[in-house]
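Visitor: Following is a predicted model, sequence given first.
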Amino acid sequence: MIPEIGHFALVLALALAIVQSVLPIWGAARNDVVWMQSAVWSSIGQVALTGVAFAALMTSFIQSDFTVVNVVENSHSLKPMLFKISGTWGSHEGSLLLWVLILAVFGALVATFASNVAVHTKARTLSVQAWITVGFLSFLLLTSNPFDRVYPAPPDGQDLNPLLQDVGLAMHPPLLYLGYVGFSIVFSFAVAALIEGRVDAAWARWVRPWTLAAWVFLTAGIALGSWWAYYELGWGGWWFWDPVENVSFMPWLMGTALLHSAIVTEKRGAFKSWTILLAVLTFSLSLLGTFIVRSGLLTSVHAFAVDPERGLYILALLAVSIGGSFALYAWRAPSMEGGGLFRPVSREGGLLVNNLILAAATGVVLFGTLYPLIYEALSGGQKLSVGPPFFNAAFIPMMLPLVFVMGLGPFLSWKRASSRHVALQVRYVGLLAIGFGFVLWYALRGGPVLGYVSLALAVWLLGATLREWAFRIQLFKVPFRDAMRRARSLPRAAHGMALAHAGLAVAIFGFVGSSVWKSEQILFVTPGTEITIAGFDVTFTGAEKVRGPNYIADRGALEVRRGGAEVTTLFPERRFYPVAQSNTTESAIRSTLAGDLYASLAEPASDQAGANGAWTLRILYEPLVNFIWIGSVLLVIGGLVSLSDRRLRVGAPGRRMQRAPTVPAE
Amino acid sequence: MVRFLAFAPLVIAAAFGGFFLWGLDGDRDPNAIPSVLISKPAPEFALEPVPGLDTPGLARADLAGAKGPTIVNVFASWCVPCRAEHAVLTALAETEGQTLFGINYKDKPADAVRWLNELGNPYERIGSDQTGRAGIEWGISGVPETFIIAPDGTVLYRYVGPVVGDNAVATFRAALRQAGSLPVDGG
């Protein structure tokens, strides 16, 4: 009964979405307020109905109702409760239902809370949002119904892929989808603006909080996924330039560009058609990600149930949404007049450089990700793969100038900035960064020059960000209490920017340290084997069998000493899940701020060797790797602080106020 | 000009869409990545010998200079299946007179020496590829992998994974027969 309620609720939600995709936008054209206002209740209705459907599916998972195909394929009665719940979105169908639910939630949030948005724009935006919902709900109902029954019901389920049975990964898809789908509302705003043919500062002000919210979720989702890959896959890396990682990274890069260009559109009325294009592109790349993950188009470690028919349906959705919005763009964009002249050295100029680099970087990632497909099509079936060497060589050099400009940007004033004045403000930070690079090079001497340059740039960014923040509140210039008062009266967005920029600087330490100065050993161990790595003496004392709730594991023990003193004992595990018939590695990590000592067990050398206790061990030392997670947390907090800024919540001030030059730049 | 530029996103998106439509063909298997080297000359490489072994190093010139087809096996002491494969390769080299070369992939010389001392060394030449650079040239996806090279240096065959078990050994022997380095009769 419960699955049928869920199914029925989805059909009703589709009906409501169809109504909402016509009525409000028609009302906007006819100037009929009642029709326009209907979007509020139809949006809320869609959330309620998809919420019911989602709850119904979750109930089936919690009750282990094995008459539902989706539960059979992705759950097991012995699975821990947390993973029964997360199994709801562990499959293609369930995750798509979550996708649609989030889509509806964002629509309803705009319908209820965006009270400052002009009535016509809001109605059009909500209709566009409903078009997307219709597309995905029909996809869900027609090709991927999560409520299909099976008869006769099997006695037990096939279990969720054990790799996915992890707290980090239970949270990863919802966050990622909140990011992906959050950009849908920005897309809807952009399409509504294109339909109206008008973009102004107020539009940019309406869009910014939604962009920021989506960006925060996407940042958290990507960081969480990366963290999961780091400790769960047992390869000891945090980013592999895998197609599925890339497709989540591209909307992030574009969204970051959008976040910054929307500021220019809001404050200076410039970059209008560019901001619109970025808004459309960001969500298009999110859709592209959904398409690539679910169509089996590219080879990847992330496999969803792959089905060409589904791929074709999503491709048709992409063609309509992306093709339609770009066609609208080609029609409307040329008539959007630019505004706000500026000199090359100015806040606008800095943000333009930011946008150009981020867009070019997205292009590089897109090209690298799709090149195998394009090559195969053009060469008549020959295949190749594009791996980390390409991305590292093409992407990293683009990021270095970006980080440099990031340090300078906040010092620049709108319209025209004085290069001399800015140079005076940052000269000590610059000297500090250069000095740091040379001292480090003198101390370590190993590794590529690029590593030292990157670290010096991270110091530069951190120093410049702090310097700018200190300058804003006149720290050390006025008494400390006054400085704190200034800090309190500073807009939250300024604090948020400082936190996020500093967060990236901190993360760069982690990126560079753990890739350039990593030590890695893969070796064959028997009880008593001693290994020396990065100053640690590690002894393998053997492996024993242990039993978990739905797995059996071999647990190795490694005694770690440094200079004779005992440090810790690591217990890397290799788990076997009998129901799913698959293995996972549970790496053991000794985490400190200075770096992680990371150990994971691969299979025994052979059956015979396994009986004698011989294993293949992967052991790594990754310096500074935790700075990546600290930096990511700072990025997210920075975004949240900025999101709480009063100016983003209160209605847009009139044009007179917006012209006022006294508003401090952020 | 602006009007023209405004169409660029649409045109680019349409081009990508065309590739996607092509890529959705159900018969296409994106996971099968065949070696781009088959029937092409083996890549240029020159590897030093493994320090601590008497076996000489391996370079591109050694492949072309051999009398008949040669087998090039990529192995490492940390690679578990290599251990199982070792006996098969030893039999091919020592009882059937095949020319066997090795590429010791991302391995510590001391470990490799210990491994070969323990299991025996059937390789005529071994190149030490500590950085994995030659592995990239050869386009290997993991260890072990085994190639058959014609006397003119052309790559004839590539086997991914260990040549272990009746099926794998039969497949590999068939490839050797086709290369002309095993007699056609028998098996």
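Guide: Yes, it's here.
Visitor: Point me to the residue of chain A nearest chain B.
Guide: Minimum separation of chain A from chain B (C-beta to the nearest C-beta) falls at A:F326, amounting to 3.9 Å. Yep, even glycine has a C-beta here, placed from its N, CA and C like the rest.
Visitor: and that residue, that one's in a helix?
Guide: Yes: judged by DSSP: H, G, I helix; E, B strand; the rest coil, A:F326 forms part of a helix.
Visitor: and the stretch 201-350 of chain A, which residues reach chain B?
Guide: A:273, A:277, A:280-281, A:284, A:291, A:295-299, A:308, A:311-312, A:315, A:318-319, A:322-323, A:326-327, A:329-331, A:333-334 (C-beta under 8 Å from any C-beta of the partner chain).
Visitor: The host helix or strand of B:G102 - what's its average pLDDT?
Guide: Secondary structure from DSSP states H and E places B:G102 in strand B:99-105. Taken as a whole, strand B:99-105 has a mean pLDDT of 91.
Visitor: and the next helix or strand after it, which residues are buried?
Guide: Downstream of strand B:99-105, the next assigned helix or strand under DSSP H and E is helix B:109-119. Going by neighbour count (16 or more other C-beta atoms under 10 Å in any protein chain shown), the buried part of helix B:109-119 is B:P109, B:D111, B:A112, B:V113, B:W115, B:L116.
Visitor: Give me the distance between the closest residue to the first one other than its chain neighbours and B:P144.
Guide: If I follow you right, that is B:P109. Closest residue in space to B:P109, ignoring its immediate chain neighbours: B:P51 at 4.5 Å, by C-beta to C-beta, 6 or more residues apart in numbering or on different chains. Per C-beta to C-beta, to the nearest Å, B:P51 is found 22 Å from B:P144.
Visitor: What is the burial count for B:A46?
Guide: Other residues near B:A46 number 12, with proximity taken as other C-beta atoms under 10 Å in any protein chain shown.
Visitor: Looks like it contacts B:D62 (just checking).
Guide: No: counting by C-beta atoms under 8 Å, B:A46 stays clear of B:D62, with 9.2 Å between them.
Visitor: re earlier: what's the offset of the strand holding B:G102 from the middle of its chain?
Guide: 10 Å (C-alpha atoms, centre = their mean, to the nearest Å).
Visitor: quick one: is it near chain A?
Guide: No: Strand B:99-105 does not reach chain A (C-beta under 8 Å from any C-beta); its nearest approach is 10.8 Å.
Visitor: What pairs with that strand, parallel or antiparallel?
Guide: strand B:70-75 (parallel), strand B:125-129 (parallel) (DSSP bridges).
Visitor: got the angle for that strand vs helix B:109-119?
Guide: Here the directions of strand B:99-105 and helix B:109-119 differ by 140 degrees (axes from the mean of the first three to the mean of the last three C-alpha atoms, to 10 degrees).
Visitor: Please, where are all the strands along the chain?
Guide: You didn't pick a chain, so chain A it is. A:519-525, A:530-533, A:536-547, A:552-562, A:565-570, A:573-577, A:582-586, A:588-592, A:595-604, A:615-623 (DSSP state E).
Visitor: I was thinking of chain B, sorry if that wasn't clear
Guide: According to DSSP E, the strands that chain B contains are B:46-47, B:58-59, B:70-75, B:99-105, B:125-129, B:145-149, B:155-160.
Visitor: neighbours of A:P388, just the number please.
Guide: A:P388, neighbours per other C-beta under 10 Å, totals 15.
Visitor: thought it was touching A:F240?
Guide: Yes: with contacts counted by C-beta under 8 Å, A:P388 reaches A:F240, the gap being 6.9 Å.
Visitor: where does chain A have low pLDDT?
Guide: Within chain A, the ranges that satisfy pLDDT under 70 run A:234, A:296-308, A:338, A:603-613, A:648-666.
Visitor: residue closest to the middle of it?
Guide: The centre of chain A sits closest to A:L218, judged by C-alpha atoms, centre = their mean, with a distance of 3.0 Å.
Visitor: quick one: contacts for residue 125?
Guide: No chain specified, so I'll use chain A. A:V110, A:V117, A:I185, A:S188, A:F189, A:V191, A:A192 (C-beta atoms under 8 Å, 6 or more residues apart in numbering or on different chains).
Visitor: wait, chain B
Guide: Contacts of B:R125 (C-beta under 8 Å, 6+ apart): B:P49, B:T55, B:P56, B:G57, B:L58, B:D62, B:F101, B:G102.
Visitor: bridging residues for it?
Guide: Under the criterion used (DSSP bridges), B:R125 bridges to B:F101.
Visitor: and the gap between it and B:V155?
Guide: Applying C-beta to C-beta to B:R125 and B:V155 gives a distance of 17 Å.
Visitor: show me the contacts for the residue nearest to A:W215 when sequence neighbours are not counted.
Guide: Spatially, and ignoring its direct neighbours in sequence, A:W215 is nearest to A:G255 (4.8 Å; C-beta to C-beta, 6+ apart). Contacts for A:G255 (C-beta under 8 Å, 6+ apart) come out as A:G179, A:F183, A:T211, A:A214, A:W215, A:L218, A:T282.
Visitor: Could you do B:V143 as well?
Guide: B:V74, B:F75, B:A76, B:C79, B:P81, B:C82, B:Y105.
Visitor: Need the max-distance pair from those residues.
Guide: Between any two of these, the greatest separation by C-beta to C-beta is 12.9 Å, found for B:P81 and B:Y105.
Visitor: Give me the more crowded residue out of those two.
Guide: Set side by side, B:P81 and B:Y105 show more neighbours around B:Y105, with 28 against 18, by other C-beta under 10 Å.
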